[in-house]
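got a sequence here, can you build the structure:
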Amino acid sequence: MSYGTVDTPAVPARKVDPVASPSQDEHHGVGNEGETPRGGEQVDDGENPEVGQHRTAWQKLKAFFDRNIGLFFVFMAQVFASLMTMTTRLLETGFEKKFHALQIIFVRMLATSVLGCLYMWFKNVPDFPLGRRDVRGLLILRGFAGYTGLFCSYYSLSYLNISDATVISFLVPTMTAFICFIALREPFTVKEAIAGLIAFAGVLFIARPTFLFPRHDAEGPEESFMRLFMADQPKGIVPSVPATPSERAIAVLLAVIGTFAAAAAYSTIRVIGKRAHSLVSVNYFAVIATVGSFIIIMVLPDLHFEMPETATQWILLVAIGIAGFLLQFLLTEGLQREKAGRATNLIYTQMVFALVLERIVWGTTPPIESLFGSALIIGSAIWVSLQKNKSPSAGNQKPPVADEEQSLLGADAPAENHED
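Sure, this is the predicted structure:
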């Protein structure tokens, strides 16, 4: 299934030099800056090297665009994912009025569900909106698991830097392999187990519990080592929000639980397989998250909806909703057009965006322990992905992955062939 494909009408062929490339006929309007032919005089492109070079450059550019458009969509999805993470942390910590993670989830998923429903209705997606009757229970389970993972991830941003929260999400491939081994009896190799241990060692370096990383001074631990690499300490747009070791440890624990829930959601998707369209699965996730957040906020007396007080807060809330939908849409489009291996590895660029945004917005750089832990987690995730890509059947798959949980597992995703 490929959305947005336009059938281009055939262009009438013209008489050309027999040695010329047939593909040049399709671009006959390019490179006509040279001399205009007279009467019935034929123009031999081979006699005009400037025209030939111009056409060749255009063909190469068009071929490069067609070959990498899927990667571009995945790249832009990671940009929006990083912007959404940054916006979430700003709303939770950057203003005097704090927005709870549940309200942010409500806004984001309300926009995703509304825009997603409109898009599926317009495209006549099969079994929209509830899906097939025999998998609705699994779709509900997938929605609740994804909602739990999203809440844990967003709540941890109250105390974690966006780079640390981002890299912890890369535990999903290893956790999914383990859950599928326990619940679905799928193979779980020794290499995957070793990669999992390495990844969790990286989590310890990010969490830095006091019993393993004792603090010997009263200053913030974030500044001690990095002073060696910076002549000064530039300030960001907003002040950084320090967290105590206990708050940080709880946030890391929640983030790890969130990755476990996301892995459970993906394992459920594997059970569903081709019986439900990927966009229908995303819609269950969005609707359950929207309704669940609304109910919890209305029931718990300590929680209530906060109204934005400034134009900046309104812009950030609207941006979360739009970025959330664009993230889902671009991942779907990109991973339908691109081989799983290349697209999955590009997803790790989100860590680079997180580091850049963290430096610009908060003026902070993760300490050496976090950077080392991030390297362990990303390295183990890529290693697992490469092991998956070595299987003969994995090389030609182009799975229509449609959400964050699945995007980290492109090479291991079940193939679906839906036609509108």
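
how near is residue 282 to residue 152?
Separation of residue 282 from residue 152 (CB to CB, to the nearest Å): 19 Å. Every residue, glycine included, has its C-beta placed from N, CA and C.

those two: which is more packed in?
residue 282 (26 against 21; other CB atoms under 10 Å).

where do the strands of the stretch 151-300 of the chain begin and end?
For the stretch 151-300 of the chain, no strands are identified by DSSP state E, counting those that start in this stretch.

which stretches of it form helices?
Using DSSP state H, counting those that start in this stretch, the helices assigned to the stretch 151-300 of the chain run over residues 162-168, 172-183, 190-207, 245-272, 278-299.

could you check the angle helix 245-272 makes with the last one?
Same thing as helix 278-299. 140 degrees (axes from the mean of the first three to the mean of the last three CA atoms, to 10 degrees).

next, residue 131: phi, psi?
Dihedral angles of residue 131 (phi, psi; degrees, to the nearest 10) stand at phi 80, psi 180.

surely it and residue 276 touch.
Yes. Contact status for residue 131 versus residue 276: in contact at 4.5 Å, counting by CB atoms under 8 Å.

what sits against residue 305?
103, 297 (CB atoms under 8 Å, 6 or more residues apart in numbering).

to clarify, my last question referred to residue 72.
If you count contacts by CB under 8 Å, 6+ apart, then residue 72 has residue 334 around it.

pLDDT on the helix or strand harbouring it, on average?
Element membership of residue 72 [criterion: DSSP states H and E] is helix 49-93. The average pLDDT within helix 49-93 is 82.

coming back round to it: pick the most deeply packed of the helices of the stretch 151-300 of the chain.
The highest average neighbour count among the helices of the stretch 151-300 of the chain, using mean count of other CB atoms under 10 Å, belongs to helix 162-168 at a mean of 27.

for that helix, packing partners?
Helices and strands touching helix 162-168, by 3 or more CB pairs under 8 Å, 6 or more residues apart in numbering; DSSP states H and E, are helix 49-93, helix 136-156, helix 190-207, helix 245-272, helix 349-362, helix 368-389.

flag the shaky bits of the stretch 251-400 of the chain, pLDDT-wise.
Scanning the stretch 251-400 of the chain for pLDDT under 70 picks out the ranges 338-345, 387-400.

leaving out sequence neighbours, find the closest residue to residue 309.
Among residues not flanking residue 309 along the chain, residue 97 sits closest, at 6.0 Å (CB to CB, 6 or more residues apart in numbering).

now do the SS call for that neighbour.
For residue 97, the assignment made with DSSP: H, G, I helix; E, B strand; the rest coil gives coil.

what sits against it?
By CB under 8 Å, 6+ apart, the neighbours of residue 97 are 306, 309, 313.

for it, give me phi and psi.
phi -90, psi 120.

mind checking how far it is from residue 317?
12 Å.

same check on residue 86?
Distance from residue 86 to residue 317, by CB to CB: 14 Å.

which one of these two is surrounded by more residues?
The residue with more neighbours, out of residue 86 and residue 317, is residue 86; 24 against 19, by other CB under 10 Å.

wait, the more buried one touches residue 162, no?
Yes. With contacts counted by CB under 8 Å, residue 86 reaches residue 162, the gap being 5.8 Å.

export the contacts of residue 97 to a markdown table and append columns for neighbour count and distance to residue 327.
As requested, the contacts of residue 97 are exported to a markdown table (neighbours: other CB atoms under 10 Å; distance: CB to CB, whole Å):
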| residue | neighbour count | distance to residue 327 |
| --- | --- | --- |
| 306 | 16 | 24 |
| 309 | 11 | 27 |
| 313 | 18 | 21 |
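
show only the entries of those found in helices.
residue 313 (DSSP state H).

tell me the one of the contacts of residue 97 nearest residue 148?
Nearest to residue 148 among these is residue 306, at 22.8 Å by CB to CB.

backbone dihedrals for that closest one, both of them.
phi -100, psi 130.

contacts only, for it.
If you count contacts by CB under 8 Å, 6+ apart, residue 306 has them with 97-100, 103.

same thing but at 6 Å, please
By CB atoms under 6 Å, 6 or more residues apart in numbering, the contact list for residue 306 reads 97, 99.

same check on residue 192?
177, 384.

just the pLDDT for it.
pLDDT, read off for residue 192, is 84.

when you give positions from now on, start the count at 882
Taking 882 as the first residue, the last one we looked at is residue 1073.

any idea how far residue 1149 is from it?
Counting by CB to CB - residue 1073 and residue 1149 are separated by 20 Å.

kindly report the same for residue 938.
49 Å.

and if you look at residue 1037?
Counting by CB to CB - residue 1037 and residue 1149 are separated by 23 Å.

residue 1125 too?
According to CB to CB, residue 1125 and residue 1149 sit 36 Å apart.

picking that back up, which one of the contacts of residue 978 is nearest to residue 1077?
Residue 1077 has its nearest neighbour among these in residue 1187, at 39.2 Å by CB to CB.
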